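Novice: model the structure of this input:
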Amino acid sequence: MLDPSAVQIHFADLQEEIIGSSATNPREAIGRAVRVLARLAGLLDIPVTVSAVPMPGGPRLIAEVPEAPVALRTGPSAWDDPAIQAAITGLRRPVLVVCGVVTEMVILHTALDALAAGCTVHVAVDACGGLSARTEQVAFSRMEAAGAQLTSAASLAGDLVRDFASPVGQQALGAVFSG
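Specialist: Predicted structure coming up:
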């Protein structure tokens, strides 16, 4: 079980220009999982951070990403940018859920750096997309070997809300099944 007051979610590079490069998870599936995570965040008062790489005309995030300031970064990890790292660590929530594209770069390095900084890291695999099944599996294996927990949006809902008969639980369950 996870205490929602200890959790934060980081959405990375969920940009229209980049999400199409996912060869492992279709855009619709990623969007559905991101929507579930966004609804859980709103329902349970879980703060979110969003990072993106600069694009001509600005980053165009997919509609499912929750409203939040978008921090632009140029490296493969949120930890590469001091402002993003400060935003994440400044929340003082030790459990970081990460998701986005591409798994082999931004998710891998953000997860490894967050683990090295002392965070507990959960990777929502259904809200991630990789360049190939083979290379994404290697990235998941590296993260897991370093201590990250691989999970899904639905599993996180079950970890965060243990009573689906409660009003909050009903809404969380609704988020999972309506995507």
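Novice: buried stuff in the host helix or strand of residue 108?
Specialist: Element membership of residue 108, judged by DSSP states H and E, is helix 108-116. Neighbour counts using 16 or more other Cβ atoms under 10 Å place 108-115 of helix 108-116 among the buried residues. Yep, even glycine has a C-beta here, placed from its N, CA and C like the rest.
Novice: do stretch 154-162 as well
Specialist: 154-161.
Novice: neighbouring contacts of that stretch?
Specialist: Stretch 154-162 is contacted from outside by 1-2, 4, 7, 36-37, 40, 44, 46, 97, 122, 124, 126, 151, 168-169, 172-173, 175-176, using Cβ atoms under 8 Å, 6 or more residues apart in numbering.
Novice: alpha carbons of the helix holding residue 108, in PDB - could you do that?
Specialist: The C-alpha coordinates for helix 108-116 follow below in PDB (Å, rounded to 0.1, in the frame of the first residue of the first chain):
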ATOM      1  CA  LEU A 108      15.500   5.100 -17.500                       C
ATOM      2  CA  HIS A 109      17.800   8.000 -16.600                       C
ATOM      3  CA  THR A 110      15.200   9.900 -14.500                       C
ATOM      4  CA  ALA A 111      14.400   6.700 -12.600                       C
ATOM      5  CA  LEU A 112      18.100   5.800 -12.000                       C
ATOM      6  CA  ASP A 113      19.000   9.400 -10.900                       C
ATOM      7  CA  ALA A 114      15.900   9.500  -8.600                       C
ATOM      8  CA  LEU A 115      16.900   6.200  -7.000                       C
ATOM      9  CA  ALA A 116      20.500   7.500  -6.500                       C
END
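Novice: now do it: distance to the chain's middle.
Specialist: Distance of helix 108-116 from the chain centroid (Cα atoms, centre = their mean, to the nearest Å) equals 13 Å.
Novice: what's the angle from the next helix or strand after it to helix 108-116?
Specialist: Downstream of helix 108-116, the first helix or strand assigned by DSSP H and E is strand 120-129. Computed by axes from the mean of the first three to the mean of the last three Cα atoms, to 10 degrees, the angle separating strand 120-129 from helix 108-116 equals 170 degrees.
Novice: just the helices in this structure please.
Specialist: For the chain, the helices defined by DSSP state H cover 16-19, 27-44, 82-90, 108-116, 133-146, 153-160, 167-178.
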